[in-house]
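Trainee: pasted the sequence and its predicted model underneath.
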Amino acid sequence: MAKEAVAKIKLQCPAGQATPAPPVGPALGAHGVNIAQFVKEFNDRTREQMGLIIPVEISVYGDRSFDFILKSPPAAVLLKKAAKLDKGAGNVGHETVGKVTRAQVEEIAALKMKDLNARTVDAACRIIEGTARSSGIVVTD
Amino acid sequence: MTRANDEVGEPQADGWIEVRVRVPLGWHELVAEALVVEPCTQAVIEDALPPEGSGGEVFTDVTTFYAAREDSSVVREAITAAVRARAERAAEPALRDLAVGFTHLPARDYAESWKASWRAFRVGRLCIVPPWSELELRPADLPLRLAPGGSFGTGRHPTTRTCLERLQSLIRPGDRLLDAGSGSGVLAVASALLGAGEVHGFDLDPNAETAANDLARDNGVLERCHFRTGGFDSLVGSEPYDGVVANIYADVLAAQATILRACARRFVLLSGIHRRHLDGLRPVLAAAGLTVVAERPRGAWRTLECVPS
């Protein structure tokens, strides 16, 4: 069957724990996507990454069938990995919890550029650096 | 506090609170991560149209929800504070003064809501009926029961509809047919319902075989439908068929034109062809020994009825 996406829906769901509750339900239901099936498939594919928030992009086609791709992990996750941190971002206080080099920032920026809709590497780096600061990670030269 | 996870798809009597934050382009991940804290568990990211007077600047809306019965000024303040603290630590001027909006939404059973947009539809004699349809069938209807909404074709795509329509004229009772790239099996099962004696289908997707067998079983034609996982190479040495239907992409049809020709005695129905690919496909079909006898347009898509020459 020839496939041409008529809608793309971007979600961030907890690995292995997506539910049909809002916001997944209303976002997908509006396009006639079988919500229970998406939830089951997403959870099956991400079960081994439990504890992470996984960005996912769902393509809905002309006949309302759908498929989805898992995107690269959020920048905060990649930064923590680069800084060799286990601590969960989001609960980080004002203290510094780790360090990454500028080269690592550039590497993450290149990987995330498309997902961040950034037009230039500089714009992507600025977002990655801001994300680092917000996670208590210092960027060093 | 109860997480939304514990209430898998259950209707919330009090409805939901939608939390919406409009963020500058590129910063959606940071805000989404800040938003996905108790009691919110998931976020949606939507690219928004530039607001009037914004000078065309593009924004992204990040939304999440929690059950209205969890709502309180404390919860709202905690969510707002989490977002603002994240934004402040980023030390990014574009993230200053992010507005966090809260809207009450009425209760709804979202796990079932998607079904509302799926209704039965007719293509000639065939009536594609979802299991929950309450449509009263007419005596002349030939029902094809299909649970839609999955990863496979649902019969609604223009190319599939045209195939369903044309098969009603092309199939003769007892025909032995091939469905190349059978996917959900909708064309093969429709062919069996229309009187084909034996239908073979294949698809590269390993999940297709199960889906197609389920569809054939649901429609009582499993004994006449034979699906397998594989590609065109699995046709080598097979007996020619009375007719072949292939609803795939134009480039695959072009690459496999010779094999399609060799498989067919009476007709080859080619679909999945976008009109922009038509001119490139025609000479390839002619060279392979397929004569186009009719071109069926539906929107931007074309279906070609061919006979082996």
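Mentor: That came through, no problem. Numbering: from 1, shown residues only, chains lettered A, B, ... in the order given.
Trainee: CA atoms for contacts and neighbours, from now on please.
Mentor: Will do.
Trainee: any stretches of chain B with poor pLDDT?
Mentor: Counting by pLDDT under 70, chain B has low-confidence residues at B:1-13, B:47-58, B:149-152.
Trainee: residue A:24 against residue B:44, yeah?
Mentor: Yes - with contact defined as C-alpha atoms under 8 Å, residue A:24 counts as touching residue B:44 (7.3 Å).
Trainee: list the contacts of the residue nearest the centre of chain A.
Mentor: In chain A, the C-alpha nearest the mean C-alpha coordinate belongs to residue A:55, at 2.9 Å (C-alpha atoms, centre = their mean). By C-alpha atoms under 8 Å, 6 or more residues apart in numbering or on different chains, residue A:55 lies in contact with A:10-13, A:70-74.
Trainee: surely it is within a strand?
Mentor: Yes - under DSSP: H, G, I helix; E, B strand; the rest coil, residue A:55 sits within a strand.
Trainee: now it. Nearest residue, chain neighbours left out?
Mentor: residue A:12 (4.2 Å; C-alpha to C-alpha, 6 or more residues apart in numbering or on different chains).
Trainee: give me the number of residues near that neighbour?
Mentor: By other C-alpha atoms under 10 Å in any protein chain shown, 29 other residues sit near residue A:12.
Trainee: chain neighbours aside, what residue packs nearest to residue B:238?
Mentor: Per C-alpha to C-alpha, 6+ apart, closest to residue B:238 is residue B:263, 7.8 Å.
Trainee: roughly how far apart are the one you found and residue B:285?
Mentor: According to C-alpha to C-alpha, to the nearest Å, residue B:263 stands 14 Å off from residue B:285.
Trainee: and residue B:92, by the same measure?
Mentor: Taking C-alpha to C-alpha as the measure, residue B:92 and residue B:285 are separated by 59 Å.
Trainee: in terms of neighbours, single out the busier of these two.
Mentor: Taking other C-alpha under 10 Å, residue B:92 and residue B:285 do not tie; residue B:285 has more neighbours (22 against 17).
Trainee: one step back: who does the residue nearest to residue A:55 bridge with?
Mentor: Residue A:12 has these beta-bridge partners by DSSP bridges: residue A:55, residue B:43.
Trainee: that one touches residue B:46, doesn't it?
Mentor: No - judged on C-alpha under 8 Å, residue A:12 makes no contact with residue B:46 at a distance of 11.3 Å.
Trainee: report all helices and strands that the lengthiest strand in chain B contacts.
Mentor: Counting by DSSP state E, the longest strand found in chain B is strand B:264-274. Using 3 or more C-alpha pairs under 8 Å, 6 or more residues apart in numbering or on different chains; DSSP states H and E, the elements in contact with strand B:264-274 are helix B:158-170, strand B:241-247, helix B:250-255, strand B:301-308.
Trainee: what residues of the biggest helix by length in chain A count as buried?
Mentor: In chain A, with assignment by DSSP state H, the single longest helix is helix A:121-134. The neighbour-count check on helix A:121-134 (16 or more other C-alpha atoms under 10 Å in any protein chain shown) flags A:123-134 as buried.
Trainee: helices or strands up against it?
Mentor: Helices and strands touching helix A:121-134, as assessed by 3+ C-alpha pairs under 8 Å, 6+ apart, comprise helix A:75-82, helix A:102-112, strand A:137-140, helix B:73-90.
Trainee: ok, back up a step: neighbour-wise, which one of the contacts of residue A:55 leads?
Mentor: When neighbours are counted by other C-alpha under 10 Å, residue A:12 leads the contacts of residue A:55 with 29 neighbours.
Trainee: gap between that one and residue B:298?
Mentor: 36 Å.
Trainee: cool, and residue B:100?
Mentor: Going from residue B:100 to residue B:298 by C-alpha to C-alpha gives 45 Å.
Trainee: which one's more surrounded, these two?
Mentor: residue B:100 (20 against 15).
Trainee: got the contact list for the residue nearest to residue B:127 when sequence neighbours are not counted?
Mentor: Closest residue to residue B:127 apart from its sequence neighbours, by C-alpha to C-alpha, 6+ apart: residue B:143 at 4.7 Å. Neighbouring residues of residue B:143 by C-alpha under 8 Å, 6+ apart: B:126-129, B:137.
Trainee: 7 Å - rerun?
Mentor: B:126-129 (C-alpha atoms under 7 Å, 6 or more residues apart in numbering or on different chains).
Trainee: same check, this time on residue B:219
Mentor: Residue B:219 is in contact with B:144-145, counting by C-alpha under 7 Å, 6+ apart.
Trainee: re the thing from before, of the helices and strands packed on helix A:121-134, which is nearest residue B:251?
Mentor: Relative to residue B:251, the nearest member of the helices and strands packed on helix A:121-134 by C-alpha to C-alpha is helix A:102-112, separated by 30.9 Å.
Trainee: buried stuff in the closest one?
Mentor: Neighbour counts over helix A:102-112 (16+ other C-alpha under 10 Å) mark A:104-106, A:108-112 as buried.
Trainee: what does the stretch 1-150 of chain B put close to chain A?
Mentor: With C-alpha under 7 Å from any C-alpha of the partner chain as the criterion, the stretch 1-150 of chain B meets chain A at residues B:4-5, B:8-9, B:25-27, B:29-30, B:33-34, B:42-46, B:64-65, B:86-87, B:89-92, B:110-111, B:113-115, B:117-118, B:149-150.
Trainee: residue B:249 contacts residue B:270, doesn't it?
Mentor: No - using C-alpha atoms under 7 Å, residue B:249 is not in contact with residue B:270; the gap is 9.4 Å.
Trainee: and those two? Which one has more around it.
Mentor: Using other C-alpha under 10 Å, the more surrounded residue of residue B:249 and residue B:270 is residue B:270, with 26 against 18.
Trainee: return the set of residues that bridge with that one.
Mentor: Assessed by DSSP bridges, residue B:270 has beta-bridge partners residue B:246, residue B:304.
Trainee: contacts only, for the closest residue to residue B:292 other than its chain neighbours.
Mentor: Nearest non-adjacent residue to residue B:292, counting by C-alpha to C-alpha, 6+ apart: residue B:306, 4.3 Å away. Contacts for residue B:306 (C-alpha under 7 Å, 6+ apart) come out as B:267-269, B:290-293.
Trainee: which of those residues lies closest to residue B:80?
Mentor: Looking across the contacts of residue B:306 and measuring by C-alpha to C-alpha, the closest to residue B:80 is residue B:269, at 58.2 Å.
Trainee: burial count for that closest one?
Mentor: Residues near residue B:269, counting by other C-alpha under 10 Å: 23.
Trainee: and if you look at the one 5 residues further on?
Mentor: Residue B:274 is surrounded by 18 other residues when neighbours are defined as other C-alpha under 10 Å.
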